[in-house]
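Enquirer: Need a 3D model of the following:
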Amino acid sequence: MRRFYIACPMRLLPFLFLLPAPLAAQSAPAAVPLPAGVTAEMLVKGKELFQGAGLCMACHGVDGKGSVGPDLTDTTWLHHKGSYEEIVAQVIKGVPEEESKTGTPMPPRGGSALSDEQVRAVAAYVWSLSRRPPPT
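Expert: Below you'll find the model as predicted:
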């Protein structure tokens with residue numbers, strides 16, 4: 001009897017390939033190359049700024065899923081196609097109320113005093129939200 005329990009799993013080994021792949025492996029998004037000039041360090045710094053001095057989370061939520069401002073984690077872009085350079089330009093300019101597709105304005109630089117370098121880091125992080133897992 002003991003021998004049956006030991007031998008039984010060995011007989012099943014050839015059929016293991018029929019089991020479904022782990023869910024995480026099935027749903028993992030393919031890596032998307034970073035835009036020119038964007039580094040992994042910029043993504044990390046951008047996240048810090050997004051959740052802090054950039055004031056972004058006040059309207060877009062701590063995870064970018066939106067509250068007053070739109071969701072930044074999906075693939076829908078309201079005012080452009082979502083390229084890195086378009087995001088940089090929009091953060092610098094903001095979105096005046098009369099141009100807003102939702103009626104909610106965004107002040108230039110999100111109402112913060114971010115430098116151009118910091119804006120580029122925030123834009124890199126925002127770009128990444130809808131394209132790859134955010135940095136930890």
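
Enquirer: For stretch 67-83, give the mean pLDDT please.
Expert: For stretch 67-83, mean pLDDT rounds to 90.

Enquirer: tell me which residues in stretch 101-117 are buried?
Expert: Residues Met106, Arg109, Gly110, Ser112, Leu114 are the ones in stretch 101-117 that count as buried (16 or more other CB atoms under 10 Å). All C-beta atoms are positioned from the backbone trio N, CA, C, and that covers glycine.

Enquirer: so what's the second one up against?
Expert: In this case it means Arg109. Gly54, Val91, Ile92, Gly94, Val119 (CB atoms under 8 Å, 6 or more residues apart in numbering).

Enquirer: For Gln118, which residues are in contact?
Expert: Contacts of Gln118 by CB under 8 Å, 6+ apart are Lys45, Leu49, Ala53, Gly54.

Enquirer: pull the CA atoms of the helix or strand hosting it into CSV?
Expert: Using DSSP states H and E, Gln118 maps to helix 116-129. C-alpha atoms of helix 116-129 as CSV (Å, rounded to 0.1, in the frame of the first residue of the first chain):
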residue,chain,number,x,y,z
ASP,A,116,11.6,70.8,-15.0
GLU,A,117,13.7,67.8,-14.0
GLN,A,118,11.2,66.9,-11.4
VAL,A,119,8.3,67.3,-13.9
ARG,A,120,10.1,64.9,-16.2
ALA,A,121,10.4,62.3,-13.4
VAL,A,122,6.7,62.6,-12.5
ALA,A,123,5.8,62.4,-16.2
ALA,A,124,7.9,59.2,-16.5
TYR,A,125,6.1,57.7,-13.5
VAL,A,126,2.7,58.7,-14.9
TRP,A,127,3.6,57.3,-18.3
SER,A,128,4.6,54.0,-16.6
LEU,A,129,1.3,53.6,-14.7
